[in-house]
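K.L.:
generate a structure from the sequence data that follows.
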Amino acid sequence: MKKFIIMSALGLATVAGLSSCSDFLDTDNKSTITPEKQFSDIAGWNQQLNYAYYTLRAVYSSPLIFCQGTDLFTAGQNASAPVMQSYAYAADNEDVKNLYTNCYAAINYSNCVLKYCKDEKLNDQARFIRDYCYYILTQQFGAVPYITDYIASASTSYPRTELATVYTNVINDLKDIISRGNLDNESSAADGKGRASIIAAKALLAKVYLAAGWDLETTLNDAAAGTYTVNGTTYFTEAARYASEVADAVPLTNPFEKKWDFDYNEAGSNPETLFAIQYDRKSSSDQSTGGHDQQHFFALYMGSQSLGVKGVNSQLTPSERAYYAFDKGDERFDGTFMTTVYNYDGNTANWSKQGYWAYYNASDEDKAKLAIAFRYFPWYTEDAEIDKYCTDHAKQFVTTGLKNNTKIYKVAENTVCRAYTSAGVKDETGSKKNTQSFSLALQTIGSLPPVRKFDDKNTTSDCKQSGGDYRDVVLLNASEIYLVASEAYLMAGDETNSLKYLNAVRTRSKASYLASFNDYKRYDWNLNETGGYVGVGQTDSYGATMTKLDVILDERMRETMGEYYRWIDLRRTRQLVRYNISYCGLTLDNMTGNDGQIKWLRPIPTNEMQINSGITSADQNPGFRTVGNEEKKDAE
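P.N.:
The predicted structure is shown next:
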């Protein structure tokens, strides 16, 4: 492609530095070919649309901004200081800056298509990408500049647009895309759901309506208590309408594990995937670390890759609350976590069929013979069941000449790890030392099962802790939209339909059917007075009283673990402060800035404040505003 200038405020002044796009962006126009000539035909239009899709990779380059600072993840061994988990970040935070910058880069590529392209189907795909990015921006930053013009010069004045106006524009745009019918009803199996479709547009529209309902039709009463008043249901009703249309069109017929099966998804056969960012190992110039990092998060550090384990970091280790979220019979524990890690002899020729990756690549017959490194059981497993497993699999605990001695963990408080010597003999001393409290588990390599939903079974032995995952990153999936429908119906006052879509998700995973919200019981490992379970209207051991909304948020916890939703879910539903206080050990002061305001949104990045003359310091989001001594005194 001939290079041309793509610069602006809104983070676009730095977009030329994006590693994923550096081959086609430059700050100088080194070509005599004008944009009008460059984008005069289908090839040029497709090229620019592909850049818009491609830039979504950069938007999702880090899960920290989507997941840290919530009840589901904590920092484990070898993790760097989690500033977003403790809300100690500022407006110069790199993850915040990158999200803002990359969203606007994708928006500008989309606007370029819309300026020059004469193909209506391509134009509607560009509009979908732009709408998706504005959805992400509003959920993270609130009111943002709403731009529909292609920026081909160093323009620097773009004021923030009222949040209600941004929502209205995005809603109207998506409704028009749907009504025009230029997009396919669903993306083709061949492209892995990597292009906009009518059903994806409806799913996105449902999410935008739901977010608008919370932001525009509810009033926060008490942040620490998570209480609010519903002032209207117009947006919630529309969210329920579109979400139910999507849900009714995509029945949840596959088991939960099948939904995340590698081969099934690579073939583009999964009807539950509505829209995804595409990756392909074969077409990458770096087939070891040129992918993304989703599989490398959501786990406790398991040790060096030379041990045959998956390369992970511990910045987003699932929390104790997350591991206790699953009840007996719910297939999502085994479908979410890797419960058996096999041993490894250190020969890279055996990499894919030994160690961690044997789960996917070895035959069942071979796995029955492989030595076991780690075996994890959920909290509800009876000790007698674990003892029987150890007896039945004793031969697989002989690890002489292999990289790991066998350890058997029950993922629960106050349990003893069953440790074995290399000869397969139980190590009584080692077992006694491995009493499993969660605080100790976070400091003990390999003592907690990693999330496996995003595993790429073709990960190579030279991949370390990043870039080894070439699976498509799913952004819109059907079961999550079922839960959007459930939440929207609840907020609109229709509990019958709310339970209908909630139960559809639960039934697929063999969780118990709820005839009413009062049927739901959550296990509380610190609670004894009610037999360890708490229901709607009851207070758990952390002092939080369960609501019907909590029932849906608990279901989202189980269904969407690690899918980049949790921070947005808690912010949207006004539970962000309450959950962090109740389950993360934070205080209201931790989440309050020097201006005396709660950090409900991300700050407008420092570089944007410096470059964009349309945004002043007064426009900075609450919690991040710079105040002088007098203002500090007033805030206090």
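
K.L.:
could you measure from L183 over to A126?
P.N.:
11 Å (C-beta to C-beta, to the nearest Å). Every residue, glycine included, has its C-beta placed from N, CA and C.

K.L.:
the two: who's more crowded?
P.N.:
Looking at L183 and A126 with other C-beta atoms under 10 Å, you find the greater number of neighbours at A126, namely 27 against 22.

K.L.:
report the contact partners of the more buried one.
P.N.:
L49, A52, Y109, S110, N111, V113, L114, C117 (C-beta atoms under 8 Å, 6 or more residues apart in numbering).

K.L.:
that one is in what secondary structure piece?
P.N.:
A126 is part of helix 120-141 when elements are defined by DSSP states H and E.

K.L.:
convert the C-alpha atoms of the helix or strand just after that helix to PDB, please.
P.N.:
Next helix or strand after helix 120-141 toward the C-terminus (DSSP H and E): helix 163-180. What follows is helix 163-180, C-alpha atoms only, in PDB (Å, rounded to 0.1, in the frame of the first residue of the first chain):
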ATOM      1  CA  LEU A 163     -23.300  10.500  26.400                       C
ATOM      2  CA  ALA A 164     -27.000  10.300  25.500                       C
ATOM      3  CA  THR A 165     -26.100  11.700  22.000                       C
ATOM      4  CA  VAL A 166     -23.400   9.100  21.500                       C
ATOM      5  CA  TYR A 167     -25.900   6.300  22.500                       C
ATOM      6  CA  THR A 168     -28.600   7.700  20.200                       C
ATOM      7  CA  ASN A 169     -26.200   7.900  17.300                       C
ATOM      8  CA  VAL A 170     -24.900   4.400  17.700                       C
ATOM      9  CA  ILE A 171     -28.400   3.000  18.200                       C
ATOM     10  CA  ASN A 172     -29.800   4.700  15.200                       C
ATOM     11  CA  ASP A 173     -26.800   3.600  13.100                       C
ATOM     12  CA  LEU A 174     -27.100   0.000  14.100                       C
ATOM     13  CA  LYS A 175     -30.900   0.000  13.500                       C
ATOM     14  CA  ASP A 176     -30.300   1.400  10.000                       C
ATOM     15  CA  ILE A 177     -27.600  -1.200   9.300                       C
ATOM     16  CA  ILE A 178     -30.100  -4.000  10.300                       C
ATOM     17  CA  SER A 179     -33.000  -2.500   8.300                       C
ATOM     18  CA  ARG A 180     -31.000  -2.000   5.100                       C
END
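
K.L.:
distance of the residue nearest the centre of the chain relative to L99?
P.N.:
The structure's the chain has its C-alpha centroid closest to Y564; by C-alpha atoms, centre = their mean the separation is 1.3 Å. Distance, Y564 to L99, by C-beta to C-beta: 11 Å.

K.L.:
wait, Y380 sits on A325?
P.N.:
No: judged on C-beta atoms under 8 Å, Y380 makes no contact with A325 at a distance of 11.4 Å.

K.L.:
ok so, going back, report the distance from the helix holding A126 to the chain centre.
P.N.:
18 Å (C-alpha atoms, centre = their mean, to the nearest Å).

K.L.:
report the buried residues of that helix.
P.N.:
Neighbour counts over helix 120-141 (16 or more other C-beta atoms under 10 Å) mark 122-141 as buried.

K.L.:
what's the angle from it to helix 163-180?
P.N.:
Counting by axes from the mean of the first three to the mean of the last three C-alpha atoms, to 10 degrees, helix 120-141 lies at 150 degrees to helix 163-180.

K.L.:
show me the contacts for L163.
P.N.:
Counting by C-beta under 8 Å, 6+ apart, L163 makes contact with T138, G142, A143, D215, L216.
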